[in-house]
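**Student:** predicted structure and sequence below. I'll ask about it afterward.
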Amino acid sequence: YGCKSIAGTLQLPASVRVVGNGAFQGCSGLTKLRMHEGVQRIGSYAFYQCTALSDTIVLPATLKTIGDYAFSEDNKLKCLLFASESQLQTIGNYAFNNCTQLADSIIIPNSVQTIGNNAFYNTAIDSLYLGTGNLRTIGQKAFSHCKQLAGEIRVPNTVETIGTYAFEQTLLRRATLPEN
């Protein structure tokens, strides 16, 4: 926590399966993060307020859970990619909240079941693909205040719950909702 002495690139060792809660919280000199296949969980607040983290983050296919506030307030983070064949199931509450420079498209993997409350609140994403597979829940304000999010979205038929204000303050013109 508050590890100001870590600067530049953090390459997680191949033996790491879990990045613990708050492990690198507040590491203000961290600019790049490299994760290998094998990482299964990123804990809550793991990279919270890593305010210099600006390089593209590629989340490995083996990752199953992104904890609450995991990358929240990393306000220089620009790009997020999910590895092909992703096994990700949960994007926690506030996971990418206030990553104000997180832009471009976000492609949610088909494996994701839950997008937590405020998960992408106040990011600069401009398009969104929600997958077709297992998504059940889109949390409250999950994409709220994504003021560049435009065009249309298709909510998969597997979705059972869309939280209040999930797409508030966006530029979306159209949403195709599940028949059920």
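**Tutor:** It's in.

**Student:** low pLDDT regions in this structure?
**Tutor:** Scanning the chain with the threshold set as pLDDT under 70 gives 1-2, 180.

**Student:** residues contacting residue 129?
**Tutor:** By Cβ atoms under 8 Å, 6 or more residues apart in numbering, the contact list for residue 129 reads 105, 106, 107, 108, 153. (Glycine included, C-beta is placed from N, CA and C.)

**Student:** quick one: buried ones out of the residues you listed?
**Tutor:** 106, 108, 153 (16 or more other Cβ atoms under 10 Å).

**Student:** tabulate the residues you listed (a markdown table), appending distance to residue 161.
**Tutor:** As requested, these are exported to a markdown table (distance: Cβ to Cβ, whole Å):
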| residue | distance to residue 161 |
| --- | --- |
| 106 | 20 |
| 108 | 15 |
| 153 | 16 |
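
**Student:** closest to residue 85 out of the residues you listed?
**Tutor:** residue 108 (14.3 Å; Cβ to Cβ).

**Student:** what residues are up against that closest one?
**Tutor:** So residue 108 contacts 82, 91, 115, 128, 129, 130, 131, 135 (Cβ under 8 Å, 6+ apart).

**Student:** roughly how far does it sit from residue 134?
**Tutor:** 10 Å (Cβ to Cβ, to the nearest Å).

**Student:** next one: residue 9
**Tutor:** Shown here: residue 9 relative to residue 134, a distance of 33 Å by Cβ to Cβ.

**Student:** out of the two, which sits in the busier spot?
**Tutor:** residue 134 (15 against 11; other Cβ atoms under 10 Å).

**Student:** correct me, but that one touches residue 158?
**Tutor:** Yes: in terms of Cβ atoms under 8 Å, residue 134 counts as a neighbour of residue 158; the distance is 6.0 Å.

**Student:** quick check: residue 157 touching residue 136?
**Tutor:** No: the pair residue 157 / residue 136 is not scored as a contact, 10.9 Å apart, by Cβ under 8 Å.

**Student:** and the nearest residue to residue 123 once chain neighbours are set aside, how many neighbours does it have?
**Tutor:** In space, residue 123 comes closest to residue 102 once its chain neighbours are excluded; the distance is 4.2 Å by Cβ to Cβ, 6 or more residues apart in numbering. The tally of other residues near residue 102 (other Cβ under 10 Å) stands at 23.

**Student:** now do residue 123
**Tutor:** Around residue 123 there are 25 other residues, counting by other Cβ under 10 Å.

**Student:** my guess is it meets residue 142, correct?
**Tutor:** No: taking Cβ under 8 Å as the definition, residue 123 is not a contact partner of residue 142, at 10.6 Å.
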